[in-house]
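Participant: build me a structure from this.
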Amino acid sequence: LRNSNGKEIAVLEKADITRLKATGWKAPESIKVKSADGQWDLKGLLFTPTHLDENRKYPVVNYVYPGPQGGSVGSRNFSAARSDHQAVAELGF
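Facilitator: Sure thing, here's the model as predicted:
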């Protein structure tokens, strides 16, 4: 819990994802790239297969966030799968 200045007031809950990680789960990587015109930072999440082979090339699936009118933001709740994005990565994309 934080006050209006961002100072931590109290810890309400502490997550333990040890068992989740033990299954092989890994969090998506936060990435930032420049727009085609080089003016804007575009932020995203990079999902890779659990057993990523650094020497292999993978096709890329670009999932665009269409804005709040599209309703794709979801909630602020934790979701281990983040819809099916990790599942697509496990298929080799």
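Participant: give me the pLDDT for residue 47.
Facilitator: Per-residue pLDDT puts residue 47 at 89.
Participant: share the number of residues neighbouring it, please.
Facilitator: Neighbour count for residue 47, taken as other Cβ atoms under 10 Å: 20. Heads up, the C-betas are built off the backbone N, CA and C, glycines and all.
Participant: that one: what's it in contact with?
Facilitator: Contact analysis of residue 47 by Cβ atoms under 8 Å, 6 or more residues apart in numbering lists 28, 82, 85-86, 88-89.
Participant: kindly write the ChimeraX command that selects the buried subset of the residues you listed.
Facilitator: A single ChimeraX command selects the buried members of the contacts of residue 47 (16 or more other Cβ atoms under 10 Å):
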select :85,86,89
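Participant: so which of the contacts of residue 47 sits lowest on pLDDT?
Facilitator: residue 82 (64).
Participant: before we move on, back to that, of the contacts of residue 47, which is the nearest to residue 52?
Facilitator: Residue 52 lies nearest to residue 89 out of the contacts of residue 47, by Cβ to Cβ, at 8.7 Å.
Participant: where does residue 42 fall, phi/psi-wise?
Facilitator: Main-chain dihedrals, residue 42, degrees, to the nearest 10: phi -110, psi 120.
Participant: okay, now the unreliable bits of the chain?
Facilitator: By pLDDT under 70, the weakly predicted segments of the chain are 65-83.
Participant: quick one, what contacts residue 28?
Facilitator: So residue 28 contacts 45-47, 82, 85-86 (Cβ under 8 Å, 6+ apart).
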